[in-house]
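predicted structure and sequence below. I'll ask about it afterward.
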Amino acid sequence: MKRILLFILVSLFLLPPTVYAAEKIYIDIDTPTMRRFPIAIPEFKDLKGGGSSRQLRISRIIANDLEISGLFNILSLPDSLGNLNKTDLTAEEIDFSDWSAIGTEALVWGGYRLEGERLAVEVRLFDVIQGRQIAGRLYQGRINNLREIAHKFSNEIIREFTGKEGVLGTKLAYVSNATGRKEVYLSDLDGYNQQRITNDATIVLSPAWSPDARKIVYTSYKRRNPDLYLLDLITGRNSLLSHRPGLNISPAWSPRGDRIAFSLSQEGNAEIYSMNIDGSQLKRLTNSWGIDVSPTWSPDGGKIAFVSSRAGNPHIYVMDSEGKGARRLTYEGNYNSSPAWSPRGDRIAFCSRNGGYFQIFTMDPQGNEIQQLTFGSGNNEDPSWSPDGRYLIFSSIRDGNSELYLINANGSYSKRLTRTDYDETNPAWSPRIQLVVSEP
Amino acid sequence: MKRFKALILFPALVLLVIGCDKPPTKEIAAAEAALEAASEAEAPRYAPEEYSSAEQMLTQAYAEVKEQKYSEAKASAISARQLAEIARDAALKKKPGKEEGVGLREEEPKFGESGFTEEVLAGATGKGALGEGITISQLSTVYFDFDEYILTEEARETLNENAEWLREHPGAKIQIEGHCDERGTVEYNLALGQKRAESTRDYLVTLGIDNKQMSTISYGEEVPADPDHNEQAWVKNRRAEFVILND
């Protein structure tokens, strides 16, 4: 299947220059007392007239995206506003007093035109209080780009309100035992487009993304040993990357994409190594009598945090990416593991046994300013950062079986993402994904 | 290592191996004593869940003795003792006025802490973790403490028995599978399981078993013997199992 990068046309239009000048931050995401911003998102209009064959629920995708972000209060609408017949979507045509009357401060409104497979979507975001348009976009593509288009505008809304683009439309890789065996799955952040990407019928663990989000490296027992495999998501090609005696586990892709750090036990004890992505130039980075696993790279690629039991119990350490200058970061408790370095570089998330349960914490890269994000009974494990560093995803058994949960970086908002009868574990949040669509 | 050598010097220990055609009176007595100690520590009040699971386990052991399932009874009695020790420790921790002494220690009680030792008998399932190329194992599973790969006294005694069998079957190729309980990180547990398999193999080598007869693999927390999410399951899951490979 031949695929090409982005062809969707994103055109800016009808944006008076004054709007750029008046850009303001509506939501300060880092404030713990952040108020959810009220927003209304009525159904999008079919602009074709005479009724299309399909009604597209674009507004619902956007509403769900904004709900996941935890930043908005999506208002339910009275019939009079929820089903407007207007087809002109500009600020001049909108009576903003109707909207401010229901308590909303923002309005997302759009229309679409579907002809055969071809799809055009026009969307606008309005400031209801000031009675003006904040953003407008026209997207043209194919019907199968519908969700990507909606996510793209959701990200635009978040950028307008917070100053930084959202992460909707990114993907999660995780392990599920839905088939009775552990396999790796992908899904969109909103739970759609779930697909199983391994079929090894054994144990598959620890998926890790390449920085271009096109490849995944993982551990599988396919050859009756925990080995590393590399799957190219574009070509579907799967290759054996490391098959040495003993453990070949816990891979982490360097931010530049050229190296993979991981653990091997070929010399009798789990040690951290790095290698090129074709398996060449293997270099040993740790040398301790204890277990050394779970490397995570700093976003500049200069350092690696990891877990070591060299002091008796598992703790988080940091070293430079050549293996020099190892230093212990955690001293609290007797079980600290699963480090994940924020893409912003300022925090390291980890998992710590606290009061009998595993909880998610973050600390700065010097091991100071420790903050606990999860509380209560039920283990919370395996944190993975969103590409903007604003959220973490982790697995928890708080509701019975293991499911995936989202939490924001200061712990003030969390949301359950999966809801199955199976166990979802080992989540890995993808880097931002370039829109990939089929050739027209 | 010194302790390993000491063991070799006292082959008499090996002769202490007891079959399981008799009720496990020693283990049951130990479990009863541990429950009594837990009771004295006011575990029924301060650690009621832990205490009642220990009681239940002992009741199960009694029932198994009645049904003449002696090896099951023995495993249950050992679990009951361990659970009672956990209940006692938990109670001591929670009891008012006792907190400072125990501090924030979260370690689990050590096997044999109460001043007696005993061998843990097989949870041999007769199947490899992945169900491949396996015959019924004559070799007993050994168990480990939480986050530990060092062999307990009980584990070494079990391995002494296993070594006997291996000496009698020099042609047998075995794989030692290291396993962990579900607590802790998947990746760290893979490494811990590997350490458990290797410390088991290394001890057998000190008993004169040929390294070439043995291979190791870790399954981390992926293949529990008991899929439950409680202490009773965890004590059974921290283990090294033996699989005889068909060549």
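Thanks, I have it.

when you work out contacts or count neighbours from here on, use the C-alpha atoms and nothing else.
OK.

pLDDT weak spots in the chain?
Let's take chain A. Confidence mapping of chain A against pLDDT under 70 gives the ranges A:1-24, A:29-33, A:49-53, A:82-88, A:434-440.

that answer is for a different chain, and I need it for chain B
B:1-21, B:95-137, B:246-247.

kindly recompute the last result at 50.
Counting by pLDDT under 50, chain B shows low-confidence ranges at B:1-20, B:97-136, B:247.

what's the burial count for B:Asn162?
19 (other CA atoms under 10 Å in any protein chain shown).

can you check A:Phe72 too?
Around A:Phe72 sit 21 other residues, with neighbours defined as other CA under 10 Å.

go on, the one 3 residues further on?
The local packing of A:Leu75 (other CA under 10 Å) involves 16 other residues.

list the contacts of it.
Going by CA atoms under 8 Å, 6 or more residues apart in numbering or on different chains, A:Leu75 touches A:38-41, A:104.

distance check, it against chain B.
Computed as CA to the nearest CA, to the nearest Å, the A:Leu75 to chain B distance reads 40 Å.

which ones among the contacts of A:Leu75 are found in strands?
Of the contacts of A:Leu75, the ones assigned to strands by DSSP state E are A:38-40.

so how do I select the buried members of those residues in ChimeraX?
Entered in ChimeraX, the line below selects the buried ones among those, by 16 or more other CA atoms under 10 Å in any protein chain shown:
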select /A:38,39,40
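
which strand residues bridge the residue nearest the centre of chain B?
Most central in chain B under CA atoms, centre = their mean is B:Tyr143, positioned 2.7 Å from the mean C-alpha point. Bridge pairing for B:Tyr143 (DSSP bridges) gives the partners B:Arg239.

before we move on, back to that, how about the contacts of A:Leu75 in CSV, adding distance to chain B?
Output for the contacts of A:Leu75, formatted as CSV (distance: CA to the nearest CA, whole Å):
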residue, distance to chain B
A:Pro38, 40
A:Ile39, 40
A:Ala40, 42
A:Ile41, 42
A:Thr104, 45
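
hang on, the earlier thing: including distance to A:Ser176, could the ones in strands among the contacts of A:Leu75 go into TSV?
Below are the ones in strands among the contacts of A:Leu75 laid out as TSV (distance: CA to CA, whole Å):
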residue	distance to A:Ser176
A:Pro38	36
A:Ile39	35
A:Ala40	36
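
nearest to B:Pro23, of the ones in strands among the contacts of A:Leu75?
Of all those, B:Pro23 sits closest to A:Pro38, with 70.8 Å by CA to CA.

my read is that the closest one contacts A:Asn73, right?
Yes. Using CA atoms under 8 Å, A:Pro38 is in contact with A:Asn73, at 4.6 Å.

can you pull the residues of chain B lying near chain A?
Proximity of chain B to chain A, by CA under 8 Å from any CA of the partner chain, involves residues B:106, B:130, B:147, B:184-185, B:187-188, B:190-192, B:194-195, B:198, B:216-218, B:222.

narrow those to just the buried residues.
Neighbour counting by 16+ other CA under 10 Å classes B:106, B:147, B:184-185, B:187-188, B:190-192, B:194-195, B:198, B:216-218, B:222 among those as buried.

of the residues you listed, which pair is most distant in space?
Greatest spatial distance among those (CA to CA): B:Glu106 and B:Thr216, at 29.7 Å.

which ones are touching the nearest residue to A:Tyr317 once chain neighbours are set aside?
Nearest residue to A:Tyr317 in three dimensions, chain neighbours excluded: A:Arg328, at 4.3 Å (CA to CA, 6 or more residues apart in numbering or on different chains). Contact analysis of A:Arg328 by CA under 8 Å, 6+ apart lists A:315-318.

for A:Gly136, helix, strand, or coil?
Put simply, A:Gly136 is strand when judged by DSSP: H, G, I helix; E, B strand; the rest coil.

number of nearby residues for it?
A count of nearby residues for A:Gly136, using other CA under 10 Å, gives 22.

surely it touches A:Val121?
No. If you go by CA under 8 Å, A:Gly136 and A:Val121 don't touch, sitting 10.6 Å apart.

now the strands for the stretch 1-150 of chain A?
Here the stretch 1-150 of chain A has its strands, by DSSP state E, counting those that start in this stretch, at A:3-5, A:9-12, A:37-40, A:45-46, A:72-74, A:106-115, A:118-127, A:132-142.

show me what the helix or strand harbouring B:Arg201 is packed against.
For B:Arg201, the enclosing helix or strand under DSSP states H and E is helix B:186-206. Helix B:186-206 makes packing contacts with strand A:292-297, helix B:2-9, helix B:153-168, strand B:173-179, strand B:214-220, strand B:239-245 when contacts are defined by 3 or more CA pairs under 8 Å, 6 or more residues apart in numbering or on different chains; DSSP states H and E.

mean neighbour count, those: which tops it?
strand A:292-297 (a mean of 30; mean count of other CA atoms under 10 Å in any protein chain shown).

what lies in contact with it?
Contacts of strand A:292-297 (CA under 8 Å, 6+ apart): A:249-255, A:261-263, A:270-272, A:286, A:303-310, A:321, A:337-341, B:187-188, B:191.

if we can go back for a sec, could the contacts of A:Arg328 go into CSV alongside secondary structure and neighbour count?
What follows is those, written out as CSV (DSSP: H, G, I helix; E, B strand; the rest coil; neighbours: other CA atoms under 10 Å in any protein chain shown):
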residue, secondary structure, neighbour count
A:His315, strand, 27
A:Ile316, strand, 28
A:Tyr317, strand, 25
A:Val318, strand, 26
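
let me know the closest of those to chain B.
For the contacts of A:Arg328, the residue nearest chain B by CA to the nearest CA is A:His315; the value is 10.7 Å.

now stretch B:179-190 - C-alpha only, CSV.
Provided in CSV are the C-alpha atoms of stretch B:179-190 (Å, rounded to 0.1, in the frame of the first residue of the first chain):
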residue,chain,number,x,y,z
HIS,B,179,9.5,-15.9,37.9
CYS,B,180,8.3,-12.9,40.0
ASP,B,181,5.1,-11.8,41.7
GLU,B,182,3.0,-9.2,39.9
ARG,B,183,4.2,-6.3,42.1
GLY,B,184,6.8,-4.0,40.6
THR,B,185,7.7,-3.1,37.1
VAL,B,186,7.5,-5.5,34.2
GLU,B,187,11.0,-4.7,33.1
TYR,B,188,12.7,-4.8,36.5
ASN,B,189,10.9,-8.1,37.2
LEU,B,190,12.2,-9.6,34.0
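
okay, domains of chain A per the record?
Here the domain assignment for chain A is A:3-162, A:171-432, based on automatic domain parsing.

repeat that for chain B.
As assigned by automatic domain parsing, chain B contains the domains B:19-102, B:134-245.

report how many residues lie close to residue 223.
Answering for chain A, as no chain was given. Applying other CA under 10 Å, we find 11 residues neighbouring A:Arg223.

try again with chain B
19.

and if you look at A:Gln366?
Residue neighbour count, defined by other CA under 10 Å, stands at 15 for A:Gln366.

what's the answer for A:Glu115, then?
Neighbour count of A:Glu115, defined by other CA under 10 Å: 13.

repeat that for the one 4 residues further on.
By the other CA under 10 Å criterion, the neighbourhood of A:Leu119 contains 17 residues.

assumed B:Pro224 was part of a strand.
No. Membership of B:Pro224 in a strand is not supported by three-state DSSP, which gives coil.

who in chain A is up against chain B?
Residues of chain A lying near chain B (CA under 8 Å from any CA): A:202-203, A:206, A:225, A:246-247, A:249-250, A:268-270, A:291, A:293-294, A:307, A:313, A:334-335, A:337-338, A:355-356, A:358, A:381-382.

hmm, which of these are the buried ones?
Using 16+ other CA under 10 Å as the burial test, the residues of chain A next to chain B include A:202-203, A:206, A:225, A:246-247, A:249-250, A:269-270, A:291, A:293-294, A:307, A:313, A:334-335, A:337-338, A:358, A:381-382 as buried.
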